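1. Predicted model, plus sequence, below.
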Amino acid sequence: MSKTIALIGNQNCGKTTLFNCITGSNQYVGNWPGVTLDKVTGFVASHNYKVTDLPGLYSLSPYSPEERVSRDYLLSGDYDVIVNIVDATHIERSLSLTCEILSFKRPMVIVLNMMDLAQKEQTSIDIDKLSKSFGVPVVAISAAKKEGIDELFKAVDQACVATCSVLDEKLASGLNNVANLITDHEFEGSRNFIALSLLQHDHAFMDEYAHNEKVLTQVNKEILELEKAYSTDVESLAAQERYAFIDGVIARAVTKGKGRNNNLSKRIDDIVTNRFLALPIFAFIVYMVYFLAVSTIGTMGTDYANDVLFGEYATNGATALLESVNAPQWLSGLVVDGIIGGVGAVLGFVPQMIVLFMLLSLLEQSGYMTRVAFVLDRIFRHFGLSGLCFIPMVVASGCGVPAIMATNNIDNINEKRITIITTTFVPCSAKLPILAMIAAAFFPESTIVAPAVYFLAIFAIGFTAFILKKDATFKEDVSPFVLEMPNYNMPKLRNVLRSTYQRCRSFVIKAGTVIFATVVVVWFLSNFNFTSDGFGMVEVNNSLLAVIGSAIAFIFIPLGFASWEASVSIITGLLAKENVVGTLAVLLGLGEVAEDDASLSAALHGEFTTSAAAMSFLAFNLFSTPCIAALGAMKRQLNNTRLFTFAVVYMLAFSYSLAMIIYALGGFIVGEVPFGATTVVAIVLLAIGIYLVVRPERKGPSLHIPVKQI
């Protein structure tokens, strides 16, 4: 018989790990809260189960949007069995949610996850006593080690409605009196839960039943009787009874250990979250991540991919094959110079991405990234943001699209707006090849360029948030930052590899589709034009692309590069950032000349006459609008055309201004660019930026955008 299972539990209790284990799915797993942002469905074919993984929550009176997803699903009743995952290492905290779930009166199984870690903490849990206390099957598992899964399936088949009573007789009677008047919900469990919520003055349900005089009259009557009987409000009364029940269960069934892992985590946190040491440690870790990914280990793999895999094997093999079949010149040029040169130049950076994403995954799954969010919360609050905004920024290091979607965990409307606008400033996988290309060509001996760009992105986010928060449109109190600090864990190799694969896979797929199509079009336009003899192949400087690029090149003269090749690469980069390297590879022949660093450097030094111009080019591409897919996600999340238009215009203006300051002012300071009119404009732009920071807050609205639209 088919069953629908609802997986629910606290954040970071292992729900997604269990979901992947029983369904064979590849949902993202991390040792930090908020990984699941919406419900995800999978299937267990061997048992004919449909499984829904719900976002984690600590209470059924939710604070954030993803927590409301879980509550609304439970209210729907579209499931047969509730599987409540409980963190065995924090069982007292986890059982509070368990007690609230009981009100839905559905067959239920309590799953004690992370029992292997609980045993290391020398915590003993009597499964039989726990099962008798709640009146439902209880099973101990370790989802990470795939232990106890068969017992879980047996328990699901034997699931039953809980027989225990958490609330005392008088409160339960008042709840039933209200529930009997709720006739607009067929599911009995939802009526019970709504009744208890009304008695506790839950704002969501009080608004829903504001015009139902019969229900509200009964609610007020019951509240008065209960408060008179117990001399406290119903919300406090329900919590007291819930925790009194939990204390009794813990006393009967749980023997706490010494908590060695907790103590170890605390000792580590005393250092990495220290008021004075936290930021230097974070800066050092970021430096090491990019040092290993961009400057050392990752570069070794990239050099091999460019020099040997694409530079020799792919190029020589394709050339020999085309010569053997007497392929025409245009076809040879398309395959070797266009496809292999363009797509190969982009795919050559995949080794660096693999190293980068593996290191980031290790930090995430160890639990360190949660600490970074906590540390940065103190800084972000000065800019009107909270530490919650750091989570989308971590996701953005892989791809801007899921990063923008991850802003759903931010409840504060204006924090969410600002994070949507700024989170793509973080260098994603598509921008990494541009960064690596410029760093290798112009700063080959430096190991600080990549981490400096990362911190420049954080500065850009802080600057933007600060100036926007000064306007009434984005003005709102910063939301309270509540985030669980999980114990440090040794990352599982399987999870690290899965995370790395998922992040790199999307990049490779894009390289095989979007970039492939782009470089083919770029190659065609760069080799053909209309001549006196008709339409045919021409030199690249006389091509259609040269004409188009020359027409727009003047826009970038103040930024230090005015060649049509660079201009065209920027335009294609506005479609997808990966196209920047692919386009330059086709137009400059980097696919052929990138057989050694000297050739690569010579090709790019011919394009950018100074390192200031190269950094200007890099800055504009990193901080301008993201790819089309990310813009689409941004438009959906902002849900307002005027605000979306403002975001696009702001990103273009910010990136252009920053690039000009880097080239004209930065180049002048280091002696690469003479003082001129562009330098004066750059100084004015810098002064405007400083003014926007120090100006007083605006009281009146500027963008009249209804808050509810987001």
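-> Thanks, I have the structure now.
2. Now Ser446. Nearest residue, chain neighbours left out?
-> Once flanking residues are discounted, Ser446 sits nearest to Ala439: 7.2 Å by C-beta to C-beta, 6 or more residues apart in numbering. Where C-beta positions appear, they are placed from N, C-alpha and C, glycine not excepted.
3. I'd guessed the one you found sits against Ala450; true?
-> Yes - applying C-beta atoms under 8 Å as the test, Ala439 and Ala450 come out as touching, 6.1 Å apart.
4. tell me, what's touching those two both at once?
-> 294-295 (C-beta atoms under 8 Å, 6 or more residues apart in numbering).
5. following the helix or strand encompassing the residue nearest to Ser446, which helix or strand shows up next?
-> In this assignment (DSSP states H and E), Ala439 forms part of helix 432-442. Next in sequence after helix 432-442, counting helices and strands by DSSP H and E, comes helix 449-469.
6. returning to what we had before: what's the helix holding Ala439 packed up against?
-> Judged by 3 or more C-beta pairs under 8 Å, 6 or more residues apart in numbering; DSSP states H and E, the packing partners of helix 432-442 are helix 297-304, helix 350-366, helix 449-469, helix 578-588, helix 597-607, helix 611-623.
7. which helices and strands does the last one pack with?
-> By that I understand helix 611-623. Using 3+ C-beta pairs under 8 Å, 6+ apart: helix 611-623 touches helix 432-442, helix 449-469, helix 564-575, helix 641-660.
8. now the angle from the following helix or strand past it to helix 564-575?
-> Using DSSP H and E, the next helix or strand after helix 611-623 towards the C-terminus is helix 628-638. Here the directions of helix 628-638 and helix 564-575 differ by 40 degrees (axes from the mean of the first three to the mean of the last three C-alpha atoms, to 10 degrees).
9. mean confidence for helix 628-638?
-> Mean per-residue pLDDT for helix 628-638: 85.
10. Which residues outside it are in contact with it?
-> 399-401, 404-405, 407-408, 416-417, 420-421, 424, 575-576, 625-626, 641, 644, 647-648, 710.
11. What are the buried residues along it?
-> 629-631, 633-635, 637-638 (16 or more other C-beta atoms under 10 Å).
12. Over to stretch 301-311?
-> Quick answer for stretch 301-311 (16+ other C-beta under 10 Å): 301-303, 305-306, 309-311.
13. same check, this time on stretch 462-476
-> Here stretch 462-476 shows 462-471, 473-474, 476 as buried, counting by 16+ other C-beta under 10 Å.
14. now, which of those residues sits nearest Thr610?
-> The closest of the buried residues of stretch 462-476 to Thr610 turns out to be Phe463 (C-beta to C-beta; 25.3 Å).
15. Quick one: residues contacting that closest one.
-> Neighbours of Phe463 in contact, by C-beta under 8 Å, 6+ apart: 383, 689, 693.
16. Of the helices and strands packed on helix 611-623, which is nearest Thr370?
-> helix 449-469 (17.5 Å).
17. burial measure for the closest residue to Thr610 other than its chain neighbours, as a count.
-> Ranked by C-beta to C-beta, 6+ apart and with sequence neighbours excluded, the top spatial neighbour of Thr610 is Glu672, at 4.2 Å. Glu672 has 15 neighbouring residues, counting by other C-beta atoms under 10 Å.
18. cool, Thr183 as well?
-> 10.
19. List the residues that contact it.
-> Contacts for Thr183 (C-beta under 8 Å, 6+ apart) come out as none.
20. which secondary structure element contains it?
-> Applying DSSP H and E, one finds Thr183 in no helix or strand.
21. Do you know the pLDDT at it?
-> Thr183 is given a pLDDT of 80.
22. And for Gly77, the neighbour number?
-> So Gly77, with other C-beta under 10 Å, has 17 neighbours.
23. Pretty sure Arg191 is one of the things it touches, is it not?
-> No - assessed by C-beta under 8 Å, Gly77 is found out of contact with Arg191, at 10.2 Å.
24. Which one (most neighbours) among the contacts of Phe463?
-> Phe383 leads these on contacts (other C-beta under 10 Å) with 20 neighbours.
25. Enumerate every residue touching that residue.
-> So Phe383 contacts 461-463, 465-466, 469 (C-beta under 8 Å, 6+ apart).
26. give me that answer again for 7 Å
-> 462, 465-466, 469 (C-beta atoms under 7 Å, 6 or more residues apart in numbering).
27. ditto for Cys627
-> Cys627 neighbours (C-beta under 7 Å, 6+ apart): 400, 430, 575-577.
28. Redo the buried residues of stretch 301-311 as JSON lines? Include distance to Val514 and pLDDT.
-> Below are those laid out as JSON lines (distance: C-beta to C-beta, whole Å; pLDDT from 0 to 100):
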{"residue": "Gly301", "distance to Val514": "23", "pLDDT": "85"}
{"residue": "Thr302", "distance to Val514": "21", "pLDDT": "79"}
{"residue": "Asp303", "distance to Val514": "25", "pLDDT": "78"}
{"residue": "Ala305", "distance to Val514": "20", "pLDDT": "80"}
{"residue": "Asn306", "distance to Val514": "21", "pLDDT": "71"}
{"residue": "Leu309", "distance to Val514": "21", "pLDDT": "79"}
{"residue": "Phe310", "distance to Val514": "19", "pLDDT": "75"}
{"residue": "Gly311", "distance to Val514": "23", "pLDDT": "70"}
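29. mind checking the SS state of Thr4?
-> Local secondary structure at Thr4 is given as strand here, using DSSP: H, G, I helix; E, B strand; the rest coil.
30. coming back round to it: report the buried members of the contacts of helix 628-638.
-> Using 16+ other C-beta under 10 Å, the buried members of these are 399-401, 404-405, 407-408, 416-417, 420-421, 424, 575-576, 625-626, 644, 647-648, 710.
31. can you confirm Val86 is in a strand?
-> Yes - secondary structure of Val86 (three-state DSSP): part of a strand.
32. That one touches Ser94, doesn't it?
-> Yes - using C-beta atoms under 7 Å, Val86 is in contact with Ser94, at 4.2 Å.
33. can you map out the strands along the chain?
-> Assigned by DSSP state E, the chain shows strands spanning 3-9, 40-44, 49-53, 81-87, 108-113, 124-125, 138-140, 254-255, 528-531, 534-537.
34. State the mean pLDDT of the first one.
-> Spelled out, that is strand 3-9. The model assigns strand 3-9 a mean pLDDT of 90.
35. what angle separates that strand from strand 81-87?
-> Using the same axes, to 10 degrees, strand 3-9 lies at 30 degrees relative to strand 81-87.
36. helices and strands around strand 3-9, which ones?
-> helix 15-23, strand 49-53, helix 65-76, strand 81-87, helix 91-101 (3 or more C-beta pairs under 7 Å, 6 or more residues apart in numbering; DSSP states H and E).
37. Of the ones you listed, which shows the lowest average pLDDT?
-> Note on the helices and strands packed on strand 3-9: lowest mean pLDDT is at helix 65-76, with a mean of 80.
38. before we move on, the earlier item: give me the mean pLDDT for the helix holding Ala439.
-> Mean per-residue pLDDT for helix 432-442: 87.
39. Tell me how many other residues crowd Gln240.
-> So Gln240, with other C-beta under 10 Å, has 13 neighbours.
40. per-residue confidence for Asp207?
-> pLDDT, read off for Asp207, is 82.
41. That one: neighbour count?
-> Asp207: 9 neighbours (other C-beta under 10 Å).
42. want to throw the contacts of Phe463 into a markdown table with distance to Glu121?
-> Putting the contacts of Phe463 into a markdown table (distance: C-beta to C-beta, whole Å) gives the following:
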| residue | distance to Glu121 |
| --- | --- |
| Phe383 | 39 |
| Gly689 | 51 |
| Val693 | 48 |
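43. Columns pLDDT and distance to Val496 on top of these, output as TSV?
-> What follows is these, written out as TSV (pLDDT from 0 to 100; distance: C-beta to C-beta, whole Å):
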residue	pLDDT	distance to Val496
Phe383	78	32
Gly689	93	40
Val693	88	40
